[in-house]
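K.L.:
model this:
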Amino acid sequence: LEDHQLLYGLELVGENSKYYFCIARPTDVQVPPNASEKLQSRHRALGIEFSELIKSLTIFEGH
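P.N.:
Numbers count the residues shown, from 1 in each chain. Predicted structure coming up:
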């Protein structure tokens, strides 16, 4: 799993007896270097919102 986390930039958010659940976060590469301050600020705000959403995830055992 660690190799894939590094290769794809995955973050482990939970696991059950069968699966690991990971997410990939957007990176600053997605914001052009010459982006306006407003766009950069919005990108950072979305990152924070995304972090809060991840905290709300619950992993259940399947049948």
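
K.L.:
where along the chain do the strands fall?
P.N.:
All strands of the chain, identified by DSSP state E, fall at 10-15, 20-24.

K.L.:
Pro32 is nearest to which of these?
P.N.:
Taking Cβ to Cβ, strand 20-24 is the member of the strands of the chain nearest to Pro32, at 20.1 Å. Every C-beta, even on glycine, is put in place using the N, C-alpha and C of the backbone.

K.L.:
average pLDDT for the closest one?
P.N.:
Regarding strand 20-24, the rounded mean pLDDT is 88.

K.L.:
can you redo the strands of the chain as JSON lines with mean neighbour count?
P.N.:
Shown next, in JSON lines, are the strands of the chain (neighbours: other Cβ atoms under 10 Å):
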{"stretch": "strand 10-15", "mean neighbour count": "13"}
{"stretch": "strand 20-24", "mean neighbour count": "13"}
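
K.L.:
For Val29, report the pLDDT, please.
P.N.:
For Val29, the predicted pLDDT is 62.

K.L.:
could I get the strands of the chain as a markdown table with distance to Ser36?
P.N.:
Converted to a markdown table, the strands of the chain look like this (distance: least, Cβ to Cβ, whole Å):
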| stretch | distance to Ser36 |
| --- | --- |
| strand 10-15 | 28 |
| strand 20-24 | 25 |
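
K.L.:
Figure out which of these is closest to Ile59.
P.N.:
strand 10-15 (3.6 Å).

K.L.:
contacts for the closest one?
P.N.:
1, 4-5, 20-25, 54, 57-59 (Cβ atoms under 8 Å, 6 or more residues apart in numbering).

K.L.:
Recalculate using a threshold of 7 Å.
P.N.:
His4, Gln5, Tyr20, Phe21, Cys22, Ile23, Ala24, Arg25, Ile54, Leu57, Ile59 (Cβ atoms under 7 Å, 6 or more residues apart in numbering).

K.L.:
How many neighbouring residues does the last one have?
P.N.:
Translated: Ile59. For Ile59, the count of nearby residues is 11 (other Cβ atoms under 10 Å).

K.L.:
so who does the residue positioned nearest the centre of the chain touch?
P.N.:
Closest to where the C-alpha atoms of the chain average out (Cα atoms, centre = their mean) is Arg25, at 3.1 Å. Taking Cβ under 7 Å, 6+ apart, we find Arg25 in contact with Gly9, Glu11, Phe50.
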